[in-house]
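K.L.:
Need a 3D model of the sequence below.
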Amino acid sequence: MRFYILFFALCLFNLSSAQNNSLLFDGFDDKVVLPANDAYDLNDGFTIEAWIYADEWRPNAWQGTIVAKDLDPQTGYVFRCGAGGILSWTIGTGSSWTEVTSTPIMNTDTWYHVAAVLDNGEARIYINGSQVGSTSCPNAASSSAQLHIGESSGFAGRVFEGRLDEIRLWNIVRSEQEIVDNATVDLADDTPGLVAYLKMDEVEGTTATNLIDPGNSDGELINFGSNPWQSGYTIPGTDMKAEAIISPDALTLSQGLAQVKVRCANNGLDPVSDFTVGYSFNGGAEVTELISVNLEPGESFDHTFNEAVGPSGEEIDMMTATCTVASDGNLLNDMITADYEYADEPLTVTIFDSQQHNFAAAGQTHASAISLPEDNSMYEQILMNISVDCPGTGCDPWDQPAKISLVKEGVSYEIARYITPYGKACGPWTVDVTDFRSLLSGSCDFVSYIQVWGASGWLLNASITYIPGEEEHPFQEVLPVYDTDNWVYGDPGIEDDLPAQSLTVNNLAEKIDYRLTVSGHGQGNTDNAAEFSPKTHSPYVNGSEFVEHFLWKDDCADNECDDQFGTWLFNRAGWCPGQAVDPLMLDITTEATPGSPIELDYELEEYTNLLNTGYNGGSHTEPHYKIHAYMIQASSQFMGSAEYVNSTANNIISPAEISDLSANTTVTVEFTNNSTVTEDAYLLKVYLNGDFILEETLDLNNEPLAPGDSYTHTFSSGLDMSDDTQDITLSILVIQEDDVAANDNVVSRHFDIVSNIDEEQQNSFMLYPNPSEGQVIIHAPLIGENAELRVLDTKGALQVTHRLSARELNEGKRIDLDLTKGFYLLELQSENSLLTKRLVID
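P.N.:
Residues are numbered from 1 along each chain as shown. Here you go, the predicted structure:
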């Protein structure tokens, strides 16, 4: 399957200038300083561009300055990089910093074109012409600092190590297309909007010429050694990149066999027609396939291997994928790896495992690239579990805002927000992220941010749990409405009326929700706003108030994360220390018309801060809100513009029982066409204990499968499944060309021939409701004897025990477990059986 990104497909590769040099920065104290100039101040439209070549990445992204005009307190801006290849664009608001980051996708020893844009309150960043991050930044505050290149203006020691070339500043917004078209083109010094242009083409001297007013606005080289002028940027003609491991995901691997799916991209300037895709597990032998597909510059291709793979004698801990081509001019991006960590809880995928955050070497921001099931329609609920532990240096003493975002195609979605507790470990907190199911698919980049200003910090644990069940609306579309972490409230000098947003309702949308996560922050102001000031705001739909939103959390004293080392008992504007922030969910389906525009707004209660404004370094923080809002469209039908191709392996009908196994076992499988189009060609493969046995091709021209239809196929050859010396797992892979999901194509059935676990008893073990508020009914009619019920937490600690009679188990016994919110494992142990179930308390 092909995808197209801008990259430099439309670039004119023009290095026609007499000299193409760059400037080498030593990563210690080298910097270029330009004379003061108001033209370098931020305005509603602003763009920075540069070519960068890092010899080494600084440990944190905030340490590797590219271009800066930043000062304390929180004014100006800085464009920077580090932490394994993260790009950062940080803007001061006068009371805080607003930052947008990429995931760590750049390598050392490689040239990249990077750009930062401020576009009427939205900050965006680009790498090689593709957007890799965005966030809202409505209130940029200029600084009086001089413009620095290679080191921060206001924070010494935040330096870049490597080469910088073609530094450009604009007082206008440069579009993605303009960035791509001109990245490799020499510009005229009178190009409209260009306010600084340092080509770095000198061969000697201590001055970097600024082509905008040369002689008066040139950059002075400070602290450089001899001969810092080096060769400038180049782009390889041929460059294949291993971009993403889409499948398998850890959840699918933990359940059995899976398919491998890898994304390769043409990062060069020339078309590529034949390239090789490969993969290996745990450092073993590589499996490769030659792909004869023409890829233009900027195109990517998803390749799915038509085999089912999985653990063979050892658990899969790591997968390596490669995309290679002859005469590749850049070998550094040909390989990508994925580490698989299997959670103790069933149907759970680990996102962050004891990831330290601090304002020291660890850093406040961390990224995690995780593969998730591409098809998640078999789950009715997707939950994110978050907890924080104390590092060896101790927990951070303050309640601080924190969030986990998902970055997809350069857009950042806040999917969970929480507030850290005062100085103690707490959690887990559960956040329902089902609204983002369309994005929580395939290759996912998660970014965690915890605001912390000391060296202590937190150890973050985060995971995603899938709750099985039928989903009425498995297809979704998520449209951002608001995206701001610092919406200043009540400052007479700053407009605080959020702009109404106009969006278009999808033609096939059947359910529309308006999801708002709002929390108030800042203290020492009139009404002690916004943290300690209850206010009533109003979500609007199509110009009319839809509901009143009383933003106040009045139960902080009941927090399960109790006995904190601070004022955790005080109620606050939408949050409590040591808790997740609950979103406001509004069903606005009746207000929406499919195919038509809809206007969404959020009106703040009138308020004026008369006490003070701005930030004074400690006792006072200006009132502000963190507001992230989305319109969630859901449907029983695929809502995209292209055809949707997907088939699901549903069930092995035969053999069903151990008694069905023989030397000539009949094998029958059922699968469904979930596509939006009729399908008639399939390839089916059979595996025993992970080993390939046979395959059959289906030609259904005479009876093609319409969308939603199922088909039952019996293989023409029987299987020898008579071996009674080992357990047997039968797996069937259903292959359909251009299938969008690789995680739902394998169905398996396990036969406990040796261990002889009674599957019928396990299947009869019922636990409901689940999730529960604490009271559950235990029903196990086939166990036939007295049993002990044990409830264990996620760390294996015993929480509850009950003795249950055979009669109680047969009729169903209601039990109040009296458990706190979280995830638990239930074990029902009798003399002859051990049955298990997972329980969610919410």
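
K.L.:
all contacts plus neighbour counts: C-alpha atoms, from now on.
P.N.:
OK.

K.L.:
Burial check on Thr725, number of neighbours?
P.N.:
8 (other CA atoms under 10 Å).

K.L.:
Please tell me how far it sits from Ser833.
P.N.:
Thr725 sits 22 Å away from Ser833, going by CA to CA, to the nearest Å.

K.L.:
likewise Tyr466?
P.N.:
Tyr466 is 27 Å from Ser833, by CA to CA.

K.L.:
quick one: which of these two has more around it?
P.N.:
Tyr466 (19 against 15).

K.L.:
I'd assumed Thr206 was in contact with Glu220.
P.N.:
Yes. Counting by CA atoms under 8 Å, Glu220 does reach Thr206; the two are 6.2 Å apart.

K.L.:
residue ranges for the strands of the stretch 501-650 of the chain, please.
P.N.:
501-504, 511-521, 535-541, 544-545, 549-551, 579-580, 584-587, 597-603, 624-635, 647-654 (DSSP state E, counting those that start in this stretch).

K.L.:
right, so of these, which gets closest to Met335?
P.N.:
strand 647-654 (29.9 Å; CA to CA).

K.L.:
which residues touch the closest one?
P.N.:
Contacts to strand 647-654, defined as CA atoms under 8 Å, 6 or more residues apart in numbering, come from residues 660, 666-675, 732-736, 739, 744-749.

K.L.:
Can you tell me which of the residues you listed are classed as buried?
P.N.:
For these, a burial check counting by 16 or more other CA atoms under 10 Å picks out 666-675, 732-736, 739, 744-749.

K.L.:
picking that back up, quick one: which of the strands of the stretch 501-650 of the chain is nearest Trp429?
P.N.:
Here strand 579-580 is closest among the strands of the stretch 501-650 of the chain (CA to CA), at 6.0 Å.

K.L.:
just how off-centre is that closest one within its chain?
P.N.:
Distance, stretch centre to chain centre, for strand 579-580: 20 Å (CA atoms, centre = their mean, to the nearest Å).

K.L.:
Also stretch 425-433?
P.N.:
17 Å.

K.L.:
mean confidence for that stretch?
P.N.:
The average pLDDT within stretch 425-433 is 97.

K.L.:
can you give me the end-to-end distance of stretch 695-709?
P.N.:
End-to-end distance (CA to CA), stretch 695-709: 22 Å.

K.L.:
So what touches it?
P.N.:
Contacts of stretch 695-709 (CA under 8 Å, 6+ apart): 672-686, 711, 715.

K.L.:
Do you have the strands of the stretch 251-400 of the chain handy? List them.
P.N.:
261-266, 272-281, 287-295, 299-304, 318-324, 335-339, 348-357, 365-372, 379-389.

K.L.:
The first one vs strand 318-324, what angle?
P.N.:
Between strand 261-266 and strand 318-324, the angle formed by their directions is 30 degrees, by axes from the mean of the first three to the mean of the last three CA atoms, to 10 degrees.

K.L.:
can you give me the angle strand 261-266 makes with strand 335-339?
P.N.:
Orientation check (the same axes, to 10 degrees): strand 261-266 against strand 335-339 gives 150 degrees.

K.L.:
angle of strand 261-266 against strand 299-304?
P.N.:
160 degrees.

K.L.:
hmm, back to that, please identify the most buried of the strands of the stretch 251-400 of the chain.
P.N.:
Most buried of those, by mean neighbour count (mean count of other CA atoms under 10 Å): strand 261-266, with a mean of 26.

K.L.:
By neighbour count, sort out the buried ones in the contacts of stretch 695-709.
P.N.:
672-676, 679, 684-686, 715.

K.L.:
Which of those fall in strands?
P.N.:
Per DSSP state E, strands hold the following members of the buried ones among the contacts of stretch 695-709: 672-673, 684-686.

K.L.:
Switch those over to CSV; also include distance to Cys426 and pLDDT.
P.N.:
Output for those, formatted as CSV (distance: CA to CA, whole Å; pLDDT from 0 to 100):
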residue, distance to Cys426, pLDDT
Thr672, 44, 96
Asn673, 45, 96
Leu684, 48, 98
Lys685, 47, 97
Val686, 47, 97
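
K.L.:
Output those residues in CSV, with distance to Glu374 appended to each entry.
P.N.:
Formatted as CSV, these follow (distance: CA to CA, whole Å):
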residue, distance to Glu374
Thr672, 16
Asn673, 16
Leu684, 20
Lys685, 21
Val686, 22
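
K.L.:
Would you tell me which one of these comes nearest to Pro597?
P.N.:
Nearest to Pro597 among those, with distances taken as CA to CA, is Asn673, at 32.8 Å.

K.L.:
Can you give me the neighbour number for the closest residue in space to the closest one that isn't next to it in sequence?
P.N.:
Distance criterion CA to CA, 6 or more residues apart in numbering; nearest residue to Asn673, sequence neighbours excluded, is Ser647 at 4.6 Å. Ser647 has 26 neighbours, counted by other CA under 10 Å.

K.L.:
With the one 4 residues further on instead?
P.N.:
The local packing count at Asn651 equals 18, with neighbours defined by other CA under 10 Å.

K.L.:
What residues sit buried inside stretch 479-495?
P.N.:
479-491.

K.L.:
correction: stretch 176-184
P.N.:
176, 179-184.

K.L.:
got it, and stretch 691-703?
P.N.:
Glu695.

K.L.:
and the direction of the lengthiest strand in the chain versus that of strand 511-521, what angle?
P.N.:
When the chain is parsed with DSSP E, its longest strand is strand 475-488. Angle, strand 475-488 to strand 511-521, by the same axes, to 10 degrees: 20 degrees.

K.L.:
State the mean pLDDT of strand 475-488.
P.N.:
Regarding strand 475-488, the rounded mean pLDDT is 94.

K.L.:
about what we covered before: now the buried residues of stretch 176-184 as JSON lines including distance to Gly454?
P.N.:
Conversion of these to JSON lines gives the following (distance: CA to CA, whole Å):
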{"residue": "Glu176", "distance to Gly454": "38"}
{"residue": "Ile179", "distance to Gly454": "38"}
{"residue": "Val180", "distance to Gly454": "40"}
{"residue": "Asp181", "distance to Gly454": "43"}
{"residue": "Asn182", "distance to Gly454": "42"}
{"residue": "Ala183", "distance to Gly454": "40"}
{"residue": "Thr184", "distance to Gly454": "42"}
